[in-house]
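Colleague: Got a sequence here, can you build the structure:
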Amino acid sequence: MAKPAGTYPAALEVLSDQPAVRDFLARAVGEGRVSHAYLFLGAPGAGKSEAALALAQCIVCPSGGCGKCDECMRVRRRTHPDVRVIEPESATGYLVEQVRELIEDVSLAPVRGQAKVYIVTNAGLLRKEAANALLKTIEEPPAGVYFILLGRTVDAILPTIVSRCQRVLFKVVSPVAAAERVQRKVGADQVEARIALAVAGTPDRASEFLKSANRRQVRRLMVRTITELAHDDDWDVLCSARALVEAVWEAVGRPKPKASGKKSAKDDPVKQALEERIKGQEDYLSKGAITQIEKSVKRELTARERSGMMEALAAAESLLRDVLTCCEGVPTPIVNQDVADAVERIAAGTCTGGAVRALEAVTHAASDIAHNVNPQLAFEVMLLCVKEALACPPSSR
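Modeller: Numbering: from 1, shown residues only. As a prediction, this is how the structure comes out:
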């Protein structure tokens with residue numbers, strides 16, 4: 001559907017901080033010239049993921065990206081069966097098997113409409129063998145199939161992949177502009193916006209964070225846990241780690257395992273998501289195809305859970321950076337101003353070295369979780385290390 005000059009689909013309004021990108025995509029959508037493969041390039045926080053979802057809305061929406069219909073809402077919530085967000089399953093990159101399963105999925109008909117969109121995050125982690133497996137599909141995808149790859153720079157991505165995609169460059173968004181965008185979008189104040197950005201990373205994710213009571217609760221629980229470490233014994237710390245993991249599960253929609261170890265199909269998040277994914281085409285899919293889709297769903301849920309754990313760790317890192325700022329006497333306003341008393345209290349009982357070692361423990365936990373270490377174990381080790389690090393006496397400054 002052609003758009004009048006100077007206008008753009010409502011779905012692209014999220015790109016207000018990237019007007020050049022917004023206008024470029026609007027022209028492509030309005031003139032029916034959407035490329036079969038895009039490569040979005042830019043620094044983290046520039047809005048590449050939000051732009052990819054916005055473009056996906058324009059592709060699958062009957063009205064070209066109205067932003068309000070069921071199709072657009074499903075894409076925005078990442079529940080649309082024809083729009084898949086792909087993330088590397090290994091800490092070192094995409095697995096060849098993962099890419100092959102993606103290629104098999106490409107051959108399946110769309111569930112709800114006439115188009116399918118694949119958003120490939122961290123395209124720089126498409127190593128040679130995995131990239132070569134995907135190359136032919138990106139170059140000549142079936143009709144109605146679109147790829148949107150996300151990366152930082154061209155240098156980090158194989159030239160063979162780059163040459164098959166239309167490049168779209170995203171400018172760096174300043175922290176002030178990012179905070180203002182969050183404030184406008186959800187009516188948050190400056191303190192809330194800065195906290196949300198520290199935890200979630202990008203303006204759109206920060207906005208979603210502020211809308212989620214469960215995700216905000218994870219952050220509050222992490223802050224309270226670190227604040228109380230000085231008075232906790234080891235058993236308290238282990239219980240806190242368990243509580244944090246369960247809070248993340250609730251935030252990402254994963255049911256807690258029943259005490260008896262038994263659970264029904266309705267308690268299984270993989271089964272629930274699989275039913276949603278194949279709804280309406282159960283009779284047309286082979287048993288093998290359903291098995292492949294189920295594996296894909298399981299990976300997506302695992303990635304969502306890992307993202308929730310990383311968000312909890314980002315909250316810990318933000319708090320401890322504020323502690324380090326206070327220890328060093330830097331005249332920069334802290335991020336977590338809603339718990340300024342707690343930050344000052346922790347800083348008064350530790351030293352610069354202790355704050356640095358505590359931050360290193362958080363970084364190590366993030367690395368462990370990225371390498372598929374059990375999240376509860378990673379949290380337990382992190383909290384015990386942070387407790388020990390922050391015990392650094394003030395006299396050692």
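
Colleague: Okay, domains of this structure per the record?
Modeller: Following the assignment in automatic domain parsing, the chain carries domains at 10-172, 174-211, 212-396.

Colleague: Any chance of a markdown table for these, columns mean pLDDT?
Modeller: Converted to a markdown table, the domains of the chain look like this (pLDDT from 0 to 100):
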| stretch | mean pLDDT |
| --- | --- |
| domain 10-172 | 90 |
| domain 174-211 | 90 |
| domain 212-396 | 85 |
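
Colleague: Would you reformat the ones you listed as CSV and include mean neighbour count?
Modeller: For the C-beta atoms, the positions are set from N, CA and C on the backbone; glycine is no exception. Below are the domains of the chain laid out as CSV (neighbours: other Cβ atoms under 10 Å):
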stretch, mean neighbour count
domain 10-172, 19
domain 174-211, 20
domain 212-396, 17
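
Colleague: Pull up the gap between the closest residue to His36 other than its chain neighbours and Leu134, please.
Modeller: Leaving aside its sequence neighbours, His36 sits nearest to Pro141 (Cβ to Cβ, 6 or more residues apart in numbering; 5.3 Å). To Leu134, Pro141 is 10 Å away according to Cβ to Cβ, to the nearest Å.

Colleague: now do Ala51
Modeller: Computed as Cβ to Cβ, the Ala51 to Leu134 distance reads 21 Å.

Colleague: again with Thr92
Modeller: When distance is defined by Cβ to Cβ, Thr92 is 17 Å away from Leu134.

Colleague: same deal with Thr121?
Modeller: As judged by Cβ to Cβ, Thr121 and Leu134 stand 14 Å apart.

Colleague: before we move on, what SS does the residue nearest to His36 have?
Modeller: Under DSSP: H, G, I helix; E, B strand; the rest coil, Pro141 falls in the coil class.

Colleague: Let me see the contact set for it.
Modeller: Contacts here follow Cβ atoms under 8 Å, 6 or more residues apart in numbering; on that basis Pro141 touches 36-37, 106, 147.

Colleague: Please narrow these to those residing in strands.
Modeller: Residues of the contacts of Pro141 located in strands (DSSP state E): 37, 147.

Colleague: would you turn the contacts of Pro141 into a markdown table with distance to Ala178?
Modeller: Formatted as a markdown table, the contacts of Pro141 follow (distance: Cβ to Cβ, whole Å):
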| residue | distance to Ala178 |
| --- | --- |
| His36 | 31 |
| Ala37 | 28 |
| Val106 | 34 |
| Phe147 | 27 |
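
Colleague: The spatially most central residue of the chain: helix or strand, and which one exactly?
Modeller: Centroid check for the chain by Cα atoms, centre = their mean gives Ser307 as the closest residue, at 5.6 Å. Using DSSP states H and E, the element containing Ser307 is helix 287-328.

Colleague: and that helix, how far from the chain's centre?
Modeller: Remark: helix 287-328 is offset 7 Å from the chain centroid, using Cα atoms, centre = their mean, to the nearest Å.

Colleague: Name the nearest residue to Glu317, sequence neighbours excluded.
Modeller: The shortest distance from Glu317 to any non-neighbouring residue, by Cβ to Cβ, 6+ apart, is to Val362 (4.9 Å).

Colleague: which SSE is that neighbour in?
Modeller: Going by DSSP H and E, Val362 is in helix 352-370.

Colleague: what inclination does that helix have with respect to helix 287-328?
Modeller: Relative orientation of helix 352-370 versus helix 287-328 (axes from the mean of the first three to the mean of the last three Cα atoms, to 10 degrees): 180 degrees.

Colleague: In terms of secondary structure, what does helix 352-370 contact?
Modeller: helix 287-328, helix 375-390 (3 or more Cβ pairs under 8 Å, 6 or more residues apart in numbering; DSSP states H and E).

Colleague: Including distance to Gln217, could those helices go into JSON lines?
Modeller: Output for the helices and strands packed on helix 352-370, formatted as JSON lines (distance: least, Cβ to Cβ, whole Å):
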{"stretch": "helix 287-328", "distance to Gln217": "11"}
{"stretch": "helix 375-390", "distance to Gln217": "16"}
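
Colleague: For Asp234, find the nearest of these.
Modeller: Of all the helices and strands packed on helix 352-370, helix 375-390 sits nearest to Asp234, with 6.9 Å by Cβ to Cβ.

Colleague: the inter-axis angle of that closest one versus helix 352-370?
Modeller: Using the same axes, to 10 degrees, helix 375-390 lies at 170 degrees relative to helix 352-370.

Colleague: Kindly format the C-alpha coordinates of helix 375-390 as CSV.
Modeller: Extracted in CSV, the C-alpha atoms of helix 375-390 (Å, rounded to 0.1, in the frame of the first residue of the first chain):
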residue,chain,number,x,y,z
PRO,A,375,21.7,-20.1,36.6
GLN,A,376,21.1,-20.8,40.2
LEU,A,377,24.6,-22.1,40.7
ALA,A,378,26.0,-19.0,38.9
PHE,A,379,23.9,-16.7,41.2
GLU,A,380,25.0,-18.6,44.3
VAL,A,381,28.7,-18.2,43.5
MET,A,382,28.2,-14.6,42.4
LEU,A,383,26.4,-13.6,45.6
LEU,A,384,29.0,-15.3,47.9
CYS,A,385,31.8,-13.7,46.0
VAL,A,386,30.1,-10.2,46.1
LYS,A,387,29.6,-10.7,49.9
GLU,A,388,33.2,-11.5,50.4
ALA,A,389,34.4,-8.7,48.2
LEU,A,390,32.3,-6.0,49.8
